[in-house]
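# just coords:
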């Protein structure tokens, strides 16, 4: 069962996904002020590819943004493609 954790130091942060306690991937972000963050990288380990972990990481960021009234700037190509394809998450776009 995959689990997602968040780390944040006030300047940068990341959402990390683990499968059976093994690192499976991460989505990193950088704060752009106090109400926006930039998704700058999403990566999933090869052995965990094709299981939807990248999408789950982006959605964790979306849920975090919604819960905290934040906006997202998706500079990472993968995150940008998720926003382009899924209009239901457009409410958190900066």
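Sure, I can see it. All values reported here derive from a predicted model rather than from experimental measurement. Numbers count the residues shown, from 1 in each chain.

# And for residue 70, the neighbour number?
18 (other Cβ atoms under 10 Å). For glycine as for every other residue, the C-beta is placed from the backbone atoms N, C-alpha and C.

# er, residue 67 actually
When neighbours are defined as other Cβ under 10 Å, residue 67 has 8 of them.

# Can you report phi and psi for it?
Geometry field for residue 67 lists phi and psi as phi -60, psi -30, criterion degrees, to the nearest 10.

# Helices along the protein, start to end?
53-67, 77-85 (DSSP state H).

# what does the shortest one contact?
With Cβ atoms under 8 Å, 6 or more residues apart in numbering as the contact definition, helix 77-85 has outside contacts at 27, 39, 42, 54-55, 58, 61, 72, 74, 89-90, 93.

# re the thing from before, and the helices of the chain as a markdown table, adding mean pLDDT?
Formatted as a markdown table, the helices of the chain follow (pLDDT from 0 to 100):
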| stretch | mean pLDDT |
| --- | --- |
| helix 53-67 | 98 |
| helix 77-85 | 97 |
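
# Tell me which of those helices sits most buried.
Highest mean neighbour count of those: helix 53-67, a mean of 19 (counted as mean count of other Cβ atoms under 10 Å).

# Point out the other helices and strands that that helix packs with.
Where contact means 3 or more Cβ pairs under 8 Å, 6 or more residues apart in numbering; DSSP states H and E, helix 53-67 is packed against strand 2-8, strand 12-19, strand 22-31, strand 36-44, strand 71-74, helix 77-85.
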